[in-house]
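1. Sharing a model prediction with you, sequence too.
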Amino acid sequence: MRDVEGAHRRRSFRLGFRQRSPLVLVAAAALAAAALFGAQALLFGGGLTLVQEGRLLRITHDDYVHVSVRVQELNKEPPQTRTVYLFGGSGTMECFVSEASLGAAISREAGEPVRVVSLAAHQQSMAMTLALVDNLPPGPATLAIGLAPIRVTGSPGRDAQMLSGHTLLVRSPRLAQLGPRYFGRTVPVTGQIPGIFDYVGTYLKERAATGKLWGTPIEYETHYYPWGAKGHTQLGKRRNVLYVLQKDVILYRKHADYNFAMLEEILKLAEERGFDVVLYDQPLNASAAGPDWNGVVPAYQKRARELAARYGVPYPRIEVDLTDHDFADLFHLLAPARLKWQPEMARRLASALTGPDVAMAPPPLATRPDAAPR
């Protein structure tokens, strides 16, 4: 008798999928939509902290998931001491040894306890930095914002995808407010659901490609060049120089105004939130590419210096004697070089914490007038 009843229930369940009644289809669609929007609210409203980060990562260098999880963790347990948040691209990720060691170095120099939290990520744009700052918890904080060619050459088209939940698993009201002005679009009616589908799709694809079973934890790698890693040969670096410089000049002329508008929005938001800001230059391999980067470096330093002066933001110059052998390529320090860069970085960040008058902007670099971007 039970077998007959069970078979009847299963048959009725299967028949439900063949149901063509409009009311049934509408009800099913409403339930599906409710489930999706519920998942969106959970995922972007702190739900990432309910799962071990390693189970959410697609690859070991899943920077965007990592920083998305970090900001939710920070809101769940806000720091109790002054915190220096590091923002920037992978050049920032490779310029310090660890959060703990940099925090200890800044604390010694500043004479007060300081915690360091890195929210840097591969190819992080200024708009991505803005979205992350928009999600920081209240409290005494300094936003250390790294500058480099990659930080001022990104396109608004890529950043616009964040409105629909792509790239970062964070929701930024400030970025949504700026969307019509800078991206010509608003947050879609589907919210961040497209980003969720994109994340799930890439999660399944990347886990399958790397042989990591779905749901099993993997360890996030904080450095692309850990101890023992070797960089490109000197010849290999120079083969790439002309292409990189030519591309950066073109992209800087095309997108610099947009990226500096995003940087100014970060400064405005920091002012509203009561956060301090310090700008700094990420290390660049001047030995291979030249100190002026075909005019791009002095061009963005000049604009950053003017913006910093307008908002009363320190822009210290981190001076470290680096050679071609210290770099893996044109942008990333090798592990031994991080030991050279970090102490000076700590001193300059500490000086920005203790007094704005001692942390001045770097002087302009020499450049050829005919090569300088405009």
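-> Sure, I can see it. Residues are numbered from 1 along each chain as shown.

2. Please, where are all the strands along the stretch 1-150 of the chain?
-> Using DSSP state E, counting those that start in this stretch, the strands found in the stretch 1-150 of the chain span residues 82-87, 114-118, 141-147.

3. Turn those strands into TSV, columns for mean pLDDT, mean neighbour count and distance to Tyr280.
-> Where C-beta positions appear, they are placed from N, C-alpha and C, glycine not excepted. Output for those, formatted as TSV (pLDDT from 0 to 100; neighbours: other C-beta atoms under 10 Å; distance: least, C-beta to C-beta, whole Å):
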stretch	mean pLDDT	mean neighbour count	distance to Tyr280
strand 82-87	97	23	9
strand 114-118	97	21	13
strand 141-147	98	24	6
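
4. export those strands to CSV and tack on distance to Gln342?
-> Converted to CSV, the strands of the stretch 1-150 of the chain look like this (distance: least, C-beta to C-beta, whole Å):
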stretch, distance to Gln342
strand 82-87, 12
strand 114-118, 11
strand 141-147, 13
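
5. Out of those strands, which gets nearest to Val69?
-> Checking those against Val69 by C-beta to C-beta gives strand 114-118 as the closest, at 12.1 Å.

6. returning to what we had before: which among the strands of the stretch 1-150 of the chain is found nearest to His223?
-> Per C-beta to C-beta, nearest to His223 of those: strand 114-118, 10.8 Å.

7. Could you tell me the angle between the closest one and strand 141-147?
-> Interaxial angle of strand 114-118 relative to strand 141-147 (axes from the mean of the first three to the mean of the last three C-alpha atoms, to 10 degrees): 40 degrees.

8. Can you list the low-confidence ranges for this structure?
-> 1-45, 355-374 (pLDDT under 70).

9. what residues go with each domain of it?
-> Domains of the chain are assigned by automatic domain parsing as 2-37, 50-358.

10. Check these for me and report the most buried one.
-> Counting by mean count of other C-beta atoms under 10 Å, domain 50-358 has the highest mean neighbour count of the domains of the chain, with a mean of 18.

11. now that one, how far from the chain's geometric center?
-> With C-alpha atoms, centre = their mean, to the nearest Å as the basis, domain 50-358 stands 5 Å off its chain's centre.

12. Would you agree Ala141 is in contact with Asp276?
-> Yes - Ala141 is in contact with Asp276 according to C-beta atoms under 8 Å; the separation is 7.1 Å.

13. any chance you could map the strands in the stretch 151-300 of the chain?
-> So, for the stretch 151-300 of the chain - with DSSP E, counting those that start in this stretch - the strands run 276-281.

14. what sits against the nearest residue in space to Leu143 that is not next to it in sequence?
-> The shortest distance from Leu143 to any non-neighbouring residue, by C-beta to C-beta, 6 or more residues apart in numbering, is to Val277 (4.8 Å). By C-beta atoms under 8 Å, 6 or more residues apart in numbering, Val277 lies in contact with 142-145, 266-267, 270, 311, 313.

15. From the contact counts, what lies against the longest helix anywhere in the chain?
-> In the chain, with assignment by DSSP state H, the single longest helix is helix 234-273. Judged by 3 or more C-beta pairs under 8 Å, 6 or more residues apart in numbering; DSSP states H and E, helix 234-273 is in contact with helix 126-133, strand 141-147, helix 156-160, helix 173-182, strand 276-281, helix 286-289, helix 296-311.

16. what's the closest of the ones you listed to Val116?
-> Of all those, strand 141-147 sits nearest to Val116, with 8.6 Å by C-beta to C-beta.

17. Test my guess that Val296 contacts Ile250.
-> No - using C-beta under 8 Å, Val296 makes no contact with Ile250, being 10.1 Å away.

18. Was I right to think Leu284 contacts Val297?
-> Yes - counting by C-beta under 8 Å, Leu284 touches Val297, with 7.1 Å between them.

19. Can you pull the residues that touch both of these two?
-> Pro149.

20. How about the contacts made by Thr129?
-> So Thr129 contacts 87-88, 119, 145, 262, 266 (C-beta under 8 Å, 6+ apart).

21. Looking at those, which two lie furthest apart in space?
-> So, those by C-beta to C-beta: farthest apart are Leu119 and Met262, at 15.5 Å.

22. what's the closest of the contacts of Thr129 to Glu53?
-> Leu119 (14.1 Å).

23. these two touch, right, that closest one and Asp134?
-> No - taking C-beta under 8 Å as the definition, Leu119 is not a contact partner of Asp134, at 11.8 Å.

24. how much space between the residue nearest to Asn75 when sequence neighbours are not counted and Tyr85?
-> What sits nearest to Asn75 in space, not counting adjacent residues and going by C-beta to C-beta, 6+ apart, is Pro137, at 4.9 Å. Computed as C-beta to C-beta, to the nearest Å, the Pro137 to Tyr85 distance reads 11 Å.

25. likewise Ala337?
-> 23 Å.

26. do the same with Gln301
-> Gln301 is 22 Å from Tyr85, by C-beta to C-beta.

27. go on, Tyr220?
-> Counting by C-beta to C-beta, the separation of Tyr220 from Tyr85 is 18 Å.

28. cool, and Phe327?
-> From Phe327 over to Tyr85 the distance is 25 Å, taken as C-beta to C-beta.

29. and what of Leu339?
-> Distance, Leu339 to Tyr85, using C-beta to C-beta: 23 Å.

30. can you check Gly211 too?
-> Gly211 sits at a distance of 35 Å from Tyr85 (criterion: C-beta to C-beta).
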